[in-house]
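Asker: Provide a 3D model corresponding to the input given below.
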Amino acid sequence: MAYTKLRELILLAQDLQATSIGLTFKEMGDKIAERGQPVSLKTVKRMMYGIEELGFEVEQYVLDSDHHLTKRWKIRSLPRELMVIESNEKAALEQMLRGMQEGVEARALTKILGDVDPLSVSATSNLSEVIDRTRHTGNVAPRTRLDDTQMRTMERSIEGFYEVKFKYRSQKAQKAVQRQVRPLGILFGRFTYIVASTGNRAPIPYRADLITDLEITKEYFNPKEGFSFKDWAAESFGVFHGDALWDIKIRFSKEVADRAEKVQFHASQKMVKQKDGSLVIFLKCRGHRELIWELLHPDWLGNVKIESPERLQEEYLGQLESAKLAV
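Answerer: Just a heads-up that it's a prediction; the model follows:
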């Protein structure tokens, strides 16, 4: 077996060991593609057979929330030697930790690093130099500080399917209002949003920093049949889902086409490079306001054109008019 093929099998085996719910063949293919090696579904299946031939014990099962024909795969007995964090990986994780805001993710990463052998003196010296030269690379964008205890409570309610109640004061409201909702998931961005529903109503995002007095109730709820939080989140360009679902066509000039081609703007996107060097991107999404904000980014300003729909062009011009009020 060629070295590169064996390496890909080991990396895939590590992916299967690291996941709690297992991976489908499609998800495996996506992970392999992220490493720069796109493969067909047939190749992924052959790789799974190769992993079994190496003697790794592979489990196969169906997740209740998936379609009954969707199979997932997981490894629970990968040799510890294959899961050892290497020096360069530990250095990268330590650098990442220094730039993270205190929270669940930072605590989890701290525990992982605490269970790893310390770096050698030379590696530590190199890491110190890198951190010293890049100490401000971790937190360059505005972020909202969150109540860590509140976020842990919300995560427990989502995992256990328990309703929660809290006081919520929207940005324009004069006073907070009591809410009791069914939490479905969390969206992270500049602001963190708790996505929840009440009864059969459509999910609503609540800004986490505007929530107070959060409590888990004793009321259990059954998730709506057929609802996928992942699919719901993927419908919108950002957080807001109230907009209509539009087919959108955007053109980036040749000056920024190569840069735009490396950006994952949305899960639905399809890119087509043009003969003149420009790049056309097709999207099908909601969240037009947030899409406009992205197109106003200095990276694209003056080098991007909304070709359709006309309604999005009108919204874009409206945003520009509102922006003039700042001066």
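
Asker: what sits closest to residue 214 if chain neighbours are left out?
Answerer: What sits nearest to residue 214 in space, not counting adjacent residues and going by CB to CB, 6 or more residues apart in numbering, is residue 166, at 4.3 Å. Yep, even glycine has a C-beta here, placed from its N, CA and C like the rest.

Asker: so who does that neighbour touch?
Answerer: 178, 179, 211, 212, 213, 214, 215 (CB atoms under 8 Å, 6 or more residues apart in numbering).

Asker: can you rerun that using 7 Å?
Answerer: By CB atoms under 7 Å, 6 or more residues apart in numbering, the residues touching residue 166 are 179, 211, 212, 213, 214.

Asker: same for whichever strand or helix holds residue 312, what does it pack against?
Answerer: Per DSSP states H and E, residue 312 falls inside helix 310-323. Under the contact criterion of 3 or more CB pairs under 7 Å, 6 or more residues apart in numbering; DSSP states H and E, helix 310-323 touches helix 288-295, strand 304-308.

Asker: can you say which of those is packed in most?
Answerer: Most buried of those by mean neighbour count (mean count of other CB atoms under 10 Å) is helix 288-295; its value is a mean of 19.

Asker: mind giving me the domain ranges of the chain?
Answerer: Per automatic domain parsing, the domain ranges recorded for the chain read 3-82, 86-133, 148-235, 246-326.

Asker: these: lowest mean pLDDT?
Answerer: Note on the domains of the chain: lowest mean pLDDT is at domain 86-133, with a mean of 61.

Asker: relative to residue 290, how far out is the residue most central in space within the chain?
Answerer: Nearest residue to the geometric centre of the chain (CA atoms, centre = their mean): residue 188, 7.7 Å. For residue 188, the distance to residue 290 equals 14 Å [CB to CB, to the nearest Å].

Asker: strands of the stretch 101-250 of the chain, start to end?
Answerer: All strands of the stretch 101-250 of the chain, identified by DSSP state E, counting those that start in this stretch, fall at 162-168, 177-187, 193-197, 204-207, 211-220, 246-252.

Asker: turn those strands into TSV, including distance to residue 61.
Answerer: Formatted as TSV, the strands of the stretch 101-250 of the chain follow (distance: least, CB to CB, whole Å):
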stretch	distance to residue 61
strand 162-168	25
strand 177-187	23
strand 193-197	27
strand 204-207	32
strand 211-220	24
strand 246-252	38
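
Asker: for residue 16, find the nearest of those strands.
Answerer: strand 177-187 (23.9 Å; CB to CB).

Asker: show me what the closest one is packed against.
Answerer: Contact here means 3+ CB pairs under 7 Å, 6+ apart; on that basis strand 177-187 packs against helix 148-160, strand 162-168, strand 193-197, helix 229-235.

Asker: what angle separates that strand from strand 211-220?
Answerer: If you take axes from the mean of the first three to the mean of the last three CA atoms, to 10 degrees, strand 177-187 sits at 80 degrees to strand 211-220.

Asker: what's the angle from strand 177-187 to helix 148-160?
Answerer: 70 degrees.

Asker: for residue 321, see how far away residue 229 is.
Answerer: Residue 229 is 35 Å from residue 321, where distance means CB to CB.

Asker: could I get the helices and strands packed on helix 310-323 as a markdown table with distance to residue 183?
Answerer: A markdown table is the format used below for the helices and strands packed on helix 310-323 (distance: least, CB to CB, whole Å):
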| stretch | distance to residue 183 |
| --- | --- |
| helix 288-295 | 22 |
| strand 304-308 | 35 |
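
Asker: helices of the stretch 1-150 of the chain, start to end?
Answerer: 3-18, 25-34, 41-53, 87-98, 104-114, 121-133, 148-160 (DSSP state H, counting those that start in this stretch).

Asker: buried ones in the third one?
Answerer: Buried residues in helix 41-53, defined by neighbour count with 16 or more other CB atoms under 10 Å: 44, 47, 48, 50, 51.

Asker: run a quick neighbour tally on the residue lying closest to the fourth one once chain neighbours are set aside.
Answerer: Distance criterion CB to CB, 6+ apart; nearest residue to residue 50, sequence neighbours excluded, is residue 9 at 5.2 Å. The burial metric for residue 9, expressed as a neighbour count using other CB atoms under 10 Å, is 18.

Asker: go on, residue 167?
Answerer: Other residues close to residue 167 by other CB under 10 Å number 14.

Asker: distance-wise, check the nearest residue to it once chain neighbours are set aside relative to residue 213.
Answerer: The shortest distance from residue 167 to any non-neighbouring residue, by CB to CB, 6+ apart, is to residue 176 (4.0 Å). Residue 176 sits 8 Å away from residue 213, going by CB to CB.
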